[in-house]
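> Predicted model and sequence follow; I will ask about them next.
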Amino acid sequence: MRRQSPYPYWFVLPAAVVFVVLFLVPTGASFWFSLTNWDLFEARFIGLENYRQFLSEPFLLRGLTNTIIFALVTSGAKTVLGLLLAVLLTSGIFAQGFLRSVVFFPVLVSTIGIGLLFAEMMHPTQGVINVALGAVGVGGPGWLTNPALALYSVALVDIWRGVGLATLIYIAGLASISPEYYEAAKIDGATPFQQFRHVTIPLVWPATTTVMILSLIGGLRLFDLIWAMTRGGPGFSSDVLASVIYKQYQAGFYGLSTAGNVILFLLIATIVAPLAYWLNRRALDL
Amino acid sequence: MTSKPISTIMLTAALSLAGGSLAAEELTLLVGSNPDSIAIAEALTAAYSERNPDVTFEIETRPGGSEGDNIVKTRLATGEMTDIFLYNSGSLLQALRPARTLVPLDNIPNRRNILDSFMRTVSDDAGSIYGVPVETAMAGGILYHVPTYRQLGLEVPQTWAAFMANNARIAELTDKAPVIQTYRDTWTSQLFVLSDYFNVQAEEPDFDTRYTNNEAKYASTPAALKGFERLQQAFEAGYFNADFGAADYNDGLRMVATGEGVHYPMLTFAVAGIQQNHPDELDDVGFFAQPGDSTDVNGLTVWMPSAYYVAKGGDHVDTAKDFVNFVATVEACEIMTEAVGATGPYLIKGCTLPQSVPAAVADMMPYFAEEGRTAPALEFLSPIKGPALEQITVEVGSGIRGAGSGAELYDRDVEKQARQLGLPNW
Amino acid sequence: MVGLASFAVAFVVFVTPFIFVALNAAKTAAGAATLDFSLPKEWQLWTNLVEVVQARDYMLLLAYFNSIVITVAAITLLVIFGAMVGYVLQRRRSRWNSVIYGFVLAGLMIPPAVVPTIWVLQELGLFKTLHGMVLIQVAYGLGFTVLLYRAFISTIPRDLDEAAIIDGAKPFQVFIRIILPLLKPVTVTLIVVQSITIFNDFTHPLYYLPGRANVTVQLTLYNFQSQFVSQINLLFMNILLVTIPPLLVFIFFNRQIVAGMTSGAIKG
């Protein structure tokens, strides 16, 4: 008999059972349905017709560009701001404990709540934001009603909502760095910036990996906030892939929407898998 | 944990000892979460339980709009529907595959009370009917602020040109918005196009069949294209309220009730909303049909109300049928009127409106009294309604896209819908 | 100076929206209709609170109960299951490993398929039950949980568990006694984040947990959105009320995060 590993695979079992039964099996089934004309009651096999139809959606290209812009802007901002805030909030500044809590507050509110709140605050004529801008003599734009701006307004709110989580992950990551490294760096005469560059960034790398992957996937998949704030509008101007897919689902085109899901998954996998591989390689090298 | 079954058993035992009556039944009823639907469901079930003390109801709510459609379809497809549920009639009902998922109501005694015009919208190809109407028919047209009209000496327009002339007067003489648009609720943007259908069918009487058969298109049928063009004209003339992109349906109701805006293209069910939100201004709001090109052709596009349906496979089908049978009575109409008021003609024979109705409803009734002055909306004549119309009309109404391009895009959307439905000729 | 400036910026960006909600939740319906940033002319915080709580037969209280049960149960399972997977995944390098990691990422990336999931739940007799909802939340939350644990287990020196194995401890004992306590900072992070996600989830309960008796807090907010059309004050009160449980979790664990991190730093 083989010697038992100290890390036996049965550890994976409880999670695997739940995951396979409630996630993988239904997902597998839905791949089949993406090849059918499916109204939930009957599924008629139509081959790749749904994929053809989805890829010829009039607003697919716009949705695709918007998805990528949104994911890059939000994940970039969350990573950078999250790290900076985490460093700031572990440096012993004024009201540190309070600020740590405050940065996390938006995470606590549900998407529906955030959607309602910001739709009111970003109202072009009565909204608090534009009223405040008006008071200092600046004419605020139609945050959510200007087709050129709507997507970025939602991105801004998404960063506001998500940066607290990134900060929290970074704070936990910073805490796992042994103070000895900083002491050694100080003895070598490193400036605070050099410490940040040569101690903090490399040693906080696992946290960076996590924040980047999570926020990138989250950004590519984002649906709820877009839907709560603009529903992809005005018109189709802030549509992302996930909202295009949802609209097919909403219209009762279930086969078509599952085909869209498969396409979205492939897109995410193409972007995220190499990135995850690269980030992990770097983590091993360090 | 154990006490509940025991007490239920004891209760059942007590009931059967008391008079050998039927065991108590609890039915479930799913309605939209808007206040009218809930109020009506509560009033009707209370009245029914009063007559049948053994039967009680649990009312569940679901989101409205197309999110609600998904809930209904999902629950029907998985066999988890409530005993009775409220849902649209017309093309949306057909998507539920009624013959497969719903109990036919052909043999309920009060079937003969239901007007033919409604029965057509809740029946399948084989002629079975599935639904009993809840609330009244409604019309799509233009709600207007009566005091402003009086103050400026305007007359109800009979043609589109007269309508635009009124708008010009309002823009010139007041700081009110001549036309109210509320694109935060995107569905409200479709009204100029949808309510124009009376005018479309007056000019092209067979548009509905040719449209369903892939022969007539919005972009290439001048009469059908006009709805889009009218929306574009109103935008280009600058007649909309300043916050039209961010205002929602409730803002629209407020504006037309208080006179911040003068015309609101809308369905008349909005009268119930005004009654609830702005009861004091209710009689300041009047109504007229969306005018067309000539005074000779002037009529209403009509929407049928939602209906109660009985889902197949429930445990209480017979009681559920008895309940919907009760809903098809004059008495039930009166209960509904008392609960939320009436905003149009009922579709149950013998039901009448109360003596005093809101001004907008009074304005709408004469159209129904005359022959040939109403036509059903296209969604009750054809199974195809493209799902993206509301986004397209937002684009046209916001100047992002012209009317012609919008109509072409809509034709593509319609084509997708027809192919998904598997219709012949597409 | 930097401190004060960042304090001011953070306050404006992160706190004013909440003050806005709170102020409007305390106004009358007419007062809140204009949505401006002003003190209520008439304070009726308590009246509004009572009205929201009482709406639709105290539905909110039932919703609190359901949401809390689902959240607590799902978090407990997620932490244990997720940490076990993350541990094996990080420590054992083999072919299987990348397969499992692939599934973890897939779990994060693939949007769930609603109708087939309902069929599975029905077969198992779990549809419309809180148990079923708990397991769904576990299945959907595993990707995130495993990813975080895996990242942080890599900061725990292997020597620790190897030493314990040499001392004759069983693998599960090593995990429970040595690894799990060291994971406290991440676990706290996870509890905070995942409990908020699950508590604030709206779409999944909407599909997998229909029925009035099964209502959850976000569903009340969604329902009230159409019910309180002309009473935006009550809507804001509802937002305020449903945000309180996550806030309590955060306040409670906030100290734990700090404490956990200190201990992590000493051992790290």
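Yes, it's here.

> Tell me the secondary structure at residue B:384.
The assignment at residue B:384 comes out as coil when based on DSSP: H, G, I helix; E, B strand; the rest coil.

> if I look at it, how far off is residue C:37?
Per C-beta to C-beta, to the nearest Å, residue B:384 is found 47 Å from residue C:37. In short, each C-beta sits where N, CA and C put it, glycine included.

> which of those two has more neighbours?
Neighbours around residue B:384 and residue C:37, counted as other C-beta atoms under 10 Å in any protein chain shown, are more numerous at residue B:384. The numbers are 22 against 15.

> Now residue B:218: closest residue in space, sequence neighbours ignored.
residue B:407 (4.2 Å; C-beta to C-beta, 6 or more residues apart in numbering or on different chains).

> Please verify my assumption that that neighbour contacts residue B:223.
No. If you go by C-beta atoms under 8 Å, residue B:407 and residue B:223 don't touch, sitting 11.6 Å apart.

> between these two, which one's more packed in?
More crowded of residue B:407 and residue B:223, by other C-beta under 10 Å: residue B:407, with 24 against 19.

> which element is that one on?
helix B:403-421 (DSSP states H and E).

> residues of that helix that come out buried?
By neighbour count on 16 or more other C-beta atoms under 10 Å in any protein chain shown, the buried set for helix B:403-421 is B:403-404, B:406-414, B:416-421.

> Please apply the same query to stretch A:24-40.
Here stretch A:24-40 shows A:24-27, A:29-31, A:33-40 as buried, counting by 16+ other C-beta under 10 Å.

> and that stretch, what's its mean pLDDT?
Per-residue pLDDT over stretch A:24-40 has a mean of 87.

> Stretch B:135-144 too?
94.

> What of stretch B:392-404?
pLDDT averaged over stretch B:392-404 gives 95.

> ends of it, how far apart?
Length of stretch B:392-404, first residue to last, C-alpha to C-alpha, to the nearest Å: 11 Å.

> and for it, what are the contacting residues?
A:145, A:147, A:233-237, B:181, B:183, B:186, B:189-190, B:192-193, B:219, B:225, B:228-229, B:231-232, B:234-236, B:240, B:244-245, B:406, B:409-410, B:413 (C-beta atoms under 8 Å, 6 or more residues apart in numbering or on different chains).

> Swap in 7 Å and give it another go.
For stretch B:392-404, contacts defined as C-beta atoms under 7 Å, 6 or more residues apart in numbering or on different chains pick out A:147, A:233-235, B:181, B:183, B:186, B:189-190, B:193, B:219, B:225, B:228-229, B:231-232, B:235, B:245, B:406, B:409-410.

> now do stretch C:216-223
A:110, A:112-113, B:33, B:61, B:63, C:59-60, C:63-64, C:66-67, C:199-202, C:205-206, C:209, C:238-239, C:242.

> Show me those that map onto helices.
Mapping those onto helices (DSSP state H) picks out A:112-113, C:59-60, C:63-64, C:66-67, C:199-200, C:205-206, C:238-239, C:242.

> what does the stretch 301-426 of chain B put close to chain C?
Along the stretch 301-426 of chain B, not a single residue is adjacent to chain C under the rule C-beta under 7 Å from any C-beta of the partner chain.

> how about the residues of the stretch 301-426 of chain B near chain A?
Close to chain A, as judged by C-beta under 7 Å from any C-beta, the stretch 301-426 of chain B has residues B:387, B:391, B:394, B:395, B:398, B:400, B:409, B:412, B:416, B:420, B:422.

> now, which of those sits nearest chain C?
residue B:420 (16.3 Å; C-beta to the nearest C-beta).

> Contacts only, for that closest one.
Residue B:420 neighbours (C-beta under 7 Å, 6+ apart): A:37, A:253, A:256.

> if I look at it, how far off is residue A:61?
22 Å.

> Model confidence for residue B:1, exactly?
35.

> right, I mislabeled it, should have said residue C:180
pLDDT, read off for residue C:180, is 88.

> residue contacts, it?
Residue C:180 touches residue C:83, counting by C-beta under 7 Å, 6+ apart.

> In the stretch 51-200 of chain A, mark out all the helices, start to finish.
Along the stretch 51-200 of chain A, counting by DSSP state H, counting those that start in this stretch, helices occupy A:60-89, A:96-108, A:111-121, A:128-135, A:150-175, A:179-187, A:192-195.

> any low-confidence regions in chain B?
Applying pLDDT under 70 to chain B picks out residues B:1-23, B:65-66.

> which parts of it sit against chain A?
B:66, B:70, B:73-74, B:77, B:95, B:97, B:100, B:183, B:186, B:242-243, B:245-246, B:387, B:391, B:394-395, B:398, B:400, B:409, B:412, B:416, B:420, B:422.
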